[in-house]
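Enquirer: model the following, please.
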Amino acid sequence: MRTALSLVAVLAGCGGTTPETTPDIDAPVGDAPAAPSDGEASPVTSPIKYIVVIVKENHSFDNYFTGFPGAESSKTAKLHDGTTITRPKAPDGALKGDMSHSHTSAVKDYDNGKMDGFDTIVSDQPHRPLYYYAESQIPNYWAYARSFALFDHFFSTLAGPSSPGHFAVITGQTPHYGNPDCSDGTDDCGHGCVDPTPALFVPTYNHKTGKTSTAPACFKVPSVIDHLPAGMTWRTYAGGTAPNSSNTAFNLVDSVGGNATVRKDHFRSYAQLHADLTSGNQANFTHIDVSSAPNGASEHPPAAPCEGENFTVNIINEIMQGPHWNETAIIVTWDDFGGWYDHVKPTVEMLTNGTFFNSGFRIPALVISPYAVTGVVKTHTEHASVPKLVEELWGLPMMSATDPNARDGSAGSMMGAFDFTQAPKPPLVLQTRTCPQ
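Expert: Numbering: from 1, shown residues only. Next comes the predicted model:
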């Protein structure tokens, strides 16, 4: 039986259907998940008993890891007029503005595989999307990449903005190609499937035909939570008063009948995250959605990445200094490309009407663990590879076995990031930095 966590979207909460059918927000959601009982994890075959998924915001691989030893990157960029330029280094402080990273802009950037449309997106600063951040600007991310595993062919499952990426790291699929919005065009009008006025909608697409439509921001699809072994605990952390933050990837709100115990045990705030980690109260599966993190901690442009890197480092330091480090795997990735340039052409899947949604551009992905290999992993992977990794590490069924739209069965495996025969690596506790104003 699917738990209420089957209903994950960036704003999920009540029953729905896949985009191929008429949305039904009154569909039953099944039983609410049982409250966790920390420390009762079932034995699994790998040494990894704890998995932490940290999803940051809006950066491509070339934007963060240009010049990283052994990784495929490019210091030059193609422009739409056919010329090639040396890519400029990003400023140390905040940018002049954000870049469009909608599905429409991603298709324009892709330009039928020529990868030369990036300079057409920002009219006043056409070279801004071509910026890269040097190692000196994100030294701790580079330190993790030098000491653990960095994927240089990890792609966003969908060519588009934030919400699809947050969805895919838990469900292995992206039934929608844009962020939820309100019927009157304003943002953040409500949470999940509560019936706000105006109503919340999300743009959806048909996986075969490419036909687009809109639907309530609620989907009834399998999630990796559904198949966790008996006794394994899980939690998701986000900003605001969890689980009611509008940006949290899991949001029960209306689906569990006001079950306060479920909310308290599974949906928590950033403050609770740090309290849990410092006390060693770490769930077996921990999902950290930083899209609503304060003070630029999400790394969403126009913010500089420094505050966001510090936010990540604090979390990882607490895990490494806790009692579960020797049994933990941390996956750090980003939800979308953010409009930033990347030179590697993704493998796109053309639909019957000639459009494509999968896949998007390369984004960084780090695997940090005592059993992580050192160096660059070349395996072609994507957002859907994250739940696949959970399934492979813990011997779980694939979601694609019950939902043909789930991509975990076909996505590349991240298991190449591990060597379980090596001596466990010690913690790499890093110092946060004073950020430029």
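Enquirer: could you use CA atoms for every contact and neighbour count after this?
Expert: Will do.
Enquirer: mind listing what's buried along stretch 230-240?
Expert: Across stretch 230-240, burial judged by 16 or more other C-alpha atoms under 10 Å covers 231-240.
Enquirer: in strands only, show me the residues you listed.
Expert: Here DSSP state E is the test, and the buried residues of stretch 230-240 give 234-238 as lying in strands.
Enquirer: related to what we said a few turns ago, make TSV out of the buried residues of stretch 230-240 and add pLDDT and distance to P323.
Expert: Formatted as TSV, the buried residues of stretch 230-240 follow (pLDDT from 0 to 100; distance: C-alpha to C-alpha, whole Å):
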residue	pLDDT	distance to P323
G231	89	19
M232	93	17
T233	94	16
W234	95	17
R235	94	18
T236	92	20
Y237	92	20
A238	85	23
G239	65	25
G240	46	28
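Enquirer: could you identify the most distant pair in those?
Expert: G231 and G240 (28.2 Å; C-alpha to C-alpha).
Enquirer: looking at the ones in strands among the buried residues of stretch 230-240, spot the one nearest A134.
Expert: A238 (28.8 Å).
Enquirer: for that closest one, give the beta-bridge partners.
Expert: S269 (DSSP bridges).
Enquirer: now do T286 against K96, distance only.
Expert: Going from T286 to K96 by C-alpha to C-alpha, to the nearest Å gives 34 Å.
Enquirer: I should have written V373 there, sorry.
Expert: Using C-alpha to C-alpha, one obtains 38 Å as the distance from V373 to K96.
Enquirer: quick one: which of those two has more around it?
Expert: The residue with more neighbours, out of V373 and K96, is V373; 21 against 13, by other C-alpha atoms under 10 Å.
Enquirer: does that one touch A417 like I think?
Expert: Yes. V373 lies in contact with A417 (C-alpha atoms under 8 Å); the separation is 5.5 Å.
Enquirer: what do those two both touch?
Expert: Jointly contacting V373 and A417 under the rule C-alpha atoms under 8 Å, 6 or more residues apart in numbering are A149.
Enquirer: related to what we said a few turns ago, TSV for the buried residues of stretch 230-240, including distance to T212?
Expert: Converted to TSV, these look like this (distance: C-alpha to C-alpha, whole Å):
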residue	distance to T212
G231	40
M232	38
T233	37
W234	34
R235	33
T236	30
Y237	31
A238	30
G239	31
G240	32
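Enquirer: ok, back up a step: what's the closest of the ones in strands among the buried residues of stretch 230-240 to R268?
Expert: Of all those, R268 sits closest to Y237, with 4.8 Å by C-alpha to C-alpha.
Enquirer: lowest-pLDDT helix or strand in this protein?
Expert: Lowest mean confidence among the helices and strands of the chain (mean pLDDT, DSSP states H and E): helix 260-266, at a mean of 64.
Enquirer: what residue ranges in the protein score low on pLDDT?
Expert: Low-confidence segments of the chain (pLDDT under 70): 1-44, 185-198, 239-264.
Enquirer: and the next helix or strand past the longest helix along it?
Expert: The single longest helix within the chain, with elements called by DSSP state H, is helix 306-320. Once the chain leaves helix 306-320, the next helix or strand it forms, by DSSP states H and E, is strand 328-334.
Enquirer: helices or strands next to whatever helix or strand comes next after that following strand in the packing?
Expert: Downstream of strand 328-334, the first helix or strand assigned by DSSP H and E is strand 365-368. Here strand 365-368 touches helix 139-147, strand 149-151, strand 328-334, going by 3 or more C-alpha pairs under 8 Å, 6 or more residues apart in numbering; DSSP states H and E.
Enquirer: starting from strand 365-368, tell me which strands it pairs with and how they run.
Expert: strand 149-151 (antiparallel), strand 328-334 (antiparallel).
Enquirer: got CSV for the ones in strands among the buried residues of stretch 230-240, with distance to T347 too?
Expert: Putting those into CSV (distance: C-alpha to C-alpha, whole Å) gives the following:
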residue, distance to T347
W234, 33
R235, 33
T236, 31
Y237, 32
A238, 32
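Enquirer: looking at the residues you listed, spot the one nearest T328.
Expert: For those, the nearest to T328 is W234 (13.8 Å; C-alpha to C-alpha).
Enquirer: tell me, how many neighbours does the closest residue to that closest one other than its chain neighbours end up with?
Expert: Nearest residue to W234 in three dimensions, chain neighbours excluded: F285, at 4.6 Å (C-alpha to C-alpha, 6 or more residues apart in numbering). Residues lying near F285 (other C-alpha under 10 Å) number 21.
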